[in-house]
Every structure is written in structure tokens, then in C-alpha cells.
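Participant: Need the 3D shape of this:
(chains A and B)
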Amino acid sequence: DQQVKQNSPSLSVQEGRISILNCDYTNSMFDYFLWYKKYPAEGPTFLISISSIKDKNEDGRFTVFLNKSAKHLSLHIVPSQPGDSAVYFCAAGGTSYGKLTFGQGTILTVHP
Amino acid sequence: DGGITQSPKYLFRKEGQNVTLSCEQNLNHDAMYWYRQDPGQGLRLIYYSQIVNDFQKGDIAEGYSVSREKKESFPLTVTSAQKNPTAFYLCASSRPENLNTEAFFGQGTRLTVV
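Facilitator: Residues are numbered from 1 along each chain as shown, chains lettered A, B, ... in the order given. Take a look at the predicted model:
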């Protein structure tokens, strides 16, 4: 049972344009959400998070949007840069869980 | 420098052998986790520990064992009962009292069964 899903295995974007990565979840007990970036053969690094009391959080070029009624979150990267090329994982956690559940990941490729 | 150290980076195991992956952190985090990454399947939770001397099974605990005798250390043993052990293993730690904090990951160990 995949509680966190990233339905797009890959995304290709031109440098300078917007990248939009999507994530859906099924468990309504999740109350905080995170995005991680991962390069090959390395551990994921934290990018940005959002709690369920908000619907938007911004950090520089990165913005995460949360739609609780649709159980959907998205990560916007504007403008996209070649260095953003990596695998992006969304993750979800809940007050009663004490652990993070990850999606399958989306490979982002930003072309110069 | 604070961080999480996983060793070794690459590990080869013969079928039928147990192997232990090391994970050490000096971030003073109470919670530690082990994840496994396979192509197209994201990160799947094997075991996690919220406090010393206590740990919980994750989603794919069969064939694995852990211990948490010290706050800084959370070793993972891949036993011969694990049918498909070849994967990339990631250890992480976090502060469970701050629910919006991120988990910090190590650099991973790639285990290959030969």
C-alpha cells in the first residue's frame, strides 16, 4: 500500500523555465510534508517542508504548495537550473507516526 | 562537523552470509532510521528507533535486524533470510520532538550479493 505516490518517474525542463513536481498521499493523518533532493550514490538532502496548517511555503527558488482536500502537494522550482538535475522525493509524516514515508521519486533533468 | 557516517560505502556479501552496516551520528538526535532504495521504488523503511534500547519494524523488516545500545549508533544486520539484499541502504536521524524538522541522511552503503 503506497501511501505517498509520485506518479511521474521523470521530468525534463529547459533551463530558466519552471519545474513542477507532484506528489499525492492517501493517509489523512499525515500533517507535515517534506521534499528531498538526491544525487546518485549519495544520501538525500532536505530541500523544503510544509506543515498541514499552511498551504504554501517558499524558500528562494523553491515553493511547496499543499492542497489538503485533494491530498496533493507540489514543488515548484523557478527558474530551473542545470544543477537542479537530481531525483526528488516527497515525504510525509504524522504526529502519531514518528517516521517519514517516502514517495518513489521523480528524476528531474534541466537542459541548458 | 556534525553529521551521519555510514560505513562501508560498498559491501559485497556471499549468499548465506550475514553482514552488518554501520551508522553513527554526532548530531545528538534521538531518532534513527534505516531505509532501502531500489530502482523505481523510492525509499522504503526497514527499521526505526525513537530512543536508545527501543526500535520498531518498518515496512520491510523481514530478513533484517538492528540494535540501539547507544544514542549515536544504529547498526543494521542483513541476514541470510533476506531474499533480495542487493540494494542501496540509507541511514538517517532526526529530532522527533520537532515534527517539522528534516531527517539527515548518511551517504549510503551499496550492498551487493555475489
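
Participant: if we look at stretch A:9-25, which residues are touching it?
Facilitator: Counting by CB atoms under 8 Å, 6 or more residues apart in numbering or on different chains, the neighbours of stretch A:9-25 from elsewhere in the structure are A:3-8, A:33, A:35, A:70-82, A:84, A:88, A:90, A:92, A:103-112, B:40. For glycine as for every other residue, the C-beta is placed from the backbone atoms N, C-alpha and C.

Participant: ok, of those residues, which come out buried?
Facilitator: In terms of neighbour count (16 or more other CB atoms under 10 Å in any protein chain shown), the buried residues within the contacts of stretch A:9-25 are A:4-6, A:33, A:35, A:71, A:73-77, A:80, A:84, A:88, A:90, A:92, A:103-106, A:108, A:110.

Participant: out of those residues, who's near chain B?
Facilitator: When contact is defined as CB under 8 Å from any CB of the partner chain, the buried ones among the contacts of stretch A:9-25 meet chain B at A:6, A:103, A:104, A:105.

Participant: and of those, the nearest to chain B?
Facilitator: Distance to chain B, by CB to the nearest CB, is smallest for residue A:104 among these, at 3.9 Å.

Participant: count of neighbours near the spatially closest residue to residue A:72 that is not a sequence neighbour?
Facilitator: Taking CB to CB, 6 or more residues apart in numbering or on different chains as the measure, residue A:72 lies nearest to residue A:24, with 5.3 Å between them; neighbours along the chain are not counted. Each residue near residue A:24 was counted by other CB atoms under 10 Å in any protein chain shown, and the total is 18.

Participant: Now residue A:24. Its backbone dihedrals?
Facilitator: phi -120, psi 150 (degrees, to the nearest 10).

Participant: so where's chain B shaky on pLDDT?
Facilitator: Judged against pLDDT under 70, the low-scoring parts of chain B cover residues B:1-2, B:96-101.

Participant: For it, what lies in contact range of chain A?
Facilitator: Counting by CB under 8 Å from any CB, the residues of chain B lying close to chain A are B:4, B:6, B:31, B:33, B:35, B:40-45, B:48, B:50, B:56, B:58, B:88, B:90, B:92, B:96, B:99-100, B:102-108, B:110.

Participant: Tell me the spacing between the residue nearest the centre of chain B and residue B:67.
Facilitator: By CA atoms, centre = their mean, chain B has its centre lying nearest to residue B:34, at 2.7 Å. In this structure, residue B:34 and residue B:67 are separated by 12 Å, where distance is defined by CB to CB, to the nearest Å.
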